[in-house]
Structures are given as C-alpha cells and as structure tokens.
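Enquirer: the amino acid sequence is not available; the structure is as follows:
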Ligand SMILES: Nc1ncnc2c1ncn2[C@@H]1O[C@H](COP(=O)(O)OP(=O)(O)OP(=O)(O)O)[C@@H](O)[C@H]1O
Ligand SMILES: Cc1ncsc1CCO
Ligand SMILES: [Mg+2]
C-alpha cells in the first residue's frame, strides 16, 4: 500500500532526523533548509571541497542542485558525488534549467552518469532535455520553469531510468514517480505552488531526507509535499503566505491527513 509506505517513511524521518548534505543554489538555500527542518530532517548546505569528504561520512544523502552553477562548483559537485559513491549514499540530482544552456545539460548528464544510487527529480522540460531523445517530445526549456506538462516527459523519464539505472520523479500538476518496476502518478498539489520559487528544489531536498531513511523511489517526498502544498495553498491568499504556511503544514502533517488527502494511482509492476 503506497499510503502506508509514505506514512512509515515520514515517521522514520522524524525518528532518525537524517543529515542531508546539499550543494544547492543561492536562490533556494533558505527555503530548502527550512523545508527539511519542518519535515523533521537535518539540513546542511556546504560547497567547500575541503569539508565535503568528511561530511559525506555522516550524511544520509547528497542533494545536488545545479540552479546557480558555475565552473568552480561543478568540480565540487563531482567530488561530492565521488564521496557519496564511496560511502554508498544516495544522490538526488535536481537538473535545474537543464536544456536552457549547454553547461546545465552537460553537467546534469555528467553527474547522472557518475552517481551509483541515483534519483533524478525535475520538471517536465528538464527531464525531456536531460534525456535528449527526439520523439513525440520537444525539449522546451528556456529557463527554470516547466513549459511542458509532466505527462509529456514520460518517455524521457523511462529512457533515463534505463540509461542511468535510477528512479525519476517528474513534477508538475501530476507528479510521476518512474522506476524500473513501477510507475506511480500522484494528483496532489496546488496551482499556486509553481508561483513560489524553489518548490521543486524543496521537493528534491525532501527526496534526499526520505532516501536517507531507505525510501529511495521519490514517492514519499512527492506525496508529502503535494499534500502539504495543497493544504497550505488553500489557507493562503497568495504565494507569499504559501511559502511560510507550507513550513507550518509540513511540521504538523500527520498520518490521518495523509490518508484522507493522498490521491495516488499505481500502475504496479510493468
Ligand atoms: N499546476 C500544479 N498543480 C498542482 N501542483 C503543482 C503544479 N505545478 C507544480 N506543482 C507542485 O509543485 C511542486 C514543485 O513542482 P514544479 O514542477 O513546479 O518544480 P520546479 O519547476 O522544479 O520548481 P523550481 O525550479 O522553482 O524549484 C511539486 O510538488 C508539484 O507537484
Ligand atoms: C529562479 C532560479 N534561478 C536559478 S535557480 C532558481 C530557483 C528555482 O529553481
Ligand atoms: Mg526546478
């Protein structure tokens, strides 16, 4: 039962308070650190090469977000992924703006190629650009926001799953959790969510917290953020309140609310 898996995973995060190591962008550092704390995990943002090896030893997962990438940071990201591999820790890649520049596309592919336990979380445009397959799909990235509906990235996500032996989460109005053995769609969330910057980055950070306690599909993070986001949006006049309210709702989220609100369709074994 997906709902029970999600509830158990949330309890595990709150009990274990895993440390999640983030190399992330300047825009969202505060949002994502607060999102992890409200969930019950422990965030650390770091990007000095001089401390990443040490920190990876006691972190439960590594989140790599390429949102404000530059040449210097790429080498640190690569080094951090090497350390995560050495420690057997999961890596969550958020390929922010993949397709908007060669730098972003090439770096995302390089990191995806390296990481041994990988979850990729992006919006549809990023997932399509990362896969780089020409089919019914178009790579439509002009910036960090999705131009494509999440359904249109399904073939691209399946391609990434096969190529990198990873799990993929496509976020959007419907979130898709795509793995080698199953495909799940999640219908929670709210149309106001993309009006707050870094909601997707928060989803990637929460994915790190859940992976650290053994929920390595991306489902629990998408479910928890989807439900918390829709409740918070219903109580908010606009994106400003939503950004703050989300933290309160995440902090208070319980099993009963998840059971009532979750809207999941599982395609089961493929
Ligand atoms: N139209 C929508 N309706 C419901 N939920 C949505 C909608 N758009 C996005 N969401 C939710 O918002 C969260 C972030 O997804 P989104 O696809 O906007 O990420 P993103 O484009 O990577 O964002 P960012 O780069 O700003 O961090 C997810 O939980 C997703 O389910
Ligand atoms: C707006 C923006 N630009 C680079 S990263 C970021 C945050 C959302 O991904
Ligand atoms: Mg994003």
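Expert: Sure thing, it's come through. Here the structure is a predicted model, which means the values were calculated and not measured. Residues are numbered from 1 along each chain as shown. Ligands and ions are numbered 1, 2, ... in the order given.
Enquirer: quick one: low-confidence ranges for the stretch 151-270 of the chain?
Expert: 268-270 (pLDDT under 70).
Enquirer: near ligand 2, which residues of it?
Expert: 197-198, 201 (C-beta under 6 Å from any ligand atom). To be clear about C-beta, it is placed using only N, CA and C from the backbone, and glycine gets the same treatment.
Enquirer: which of those residues sits closest to residue 179?
Expert: Using C-beta to C-beta, residue 201 comes nearest to residue 179 of those, at 21.9 Å.
Enquirer: that closest one: helix or strand, and which one exactly?
Expert: Using DSSP states H and E, residue 201 sits within helix 199-212.
Enquirer: is the next helix or strand after that helix positioned near ligand 3?
Expert: Sequence order places helix 219-234 as the next helix or strand after helix 199-212, per DSSP H and E. No - judged by C-beta under 5 Å from the ion, helix 219-234 makes no contact with ligand 3; its nearest approach is 12.7 Å.
Enquirer: just the residues of the stretch 151-270 of the chain next to ligand 2 that are near ligand 3?
Expert: Okay, of those, nothing touches ligand 3 (C-beta under 5 Å from the ion).
Enquirer: tell me the angle of the helix holding residue 201 relative to helix 219-234?
Expert: Orientation check (axes from the mean of the first three to the mean of the last three C-alpha atoms, to 10 degrees): helix 199-212 against helix 219-234 gives 140 degrees.
Enquirer: just checking, what packs against helix 199-212?
Expert: helix 2-16, strand 19-23, helix 29-39, strand 61-65, strand 91-94, strand 118-123, strand 167-171, helix 219-234 (3 or more C-beta pairs under 8 Å, 6 or more residues apart in numbering; DSSP states H and E).
Enquirer: pLDDT on the shortest one, on average?
Expert: Rounded to a whole number, the mean pLDDT of strand 91-94 is 99.
Enquirer: shouldn't residue 35 be in contact with residue 207?
Expert: No - using C-beta atoms under 8 Å, residue 35 is not in contact with residue 207; the gap is 11.0 Å.
Enquirer: who's more crowded, these two?
Expert: residue 207 (31 against 27; other C-beta atoms under 10 Å).
Enquirer: ok, the nearest residue to that one once chain neighbours are set aside - contacts?
Expert: Nearest residue to residue 207 in three dimensions, chain neighbours excluded: residue 221, at 4.1 Å (C-beta to C-beta, 6 or more residues apart in numbering). Residue 221 makes contact with 121, 169, 203-204, 206-207, 209-210, 215, according to C-beta atoms under 8 Å, 6 or more residues apart in numbering.
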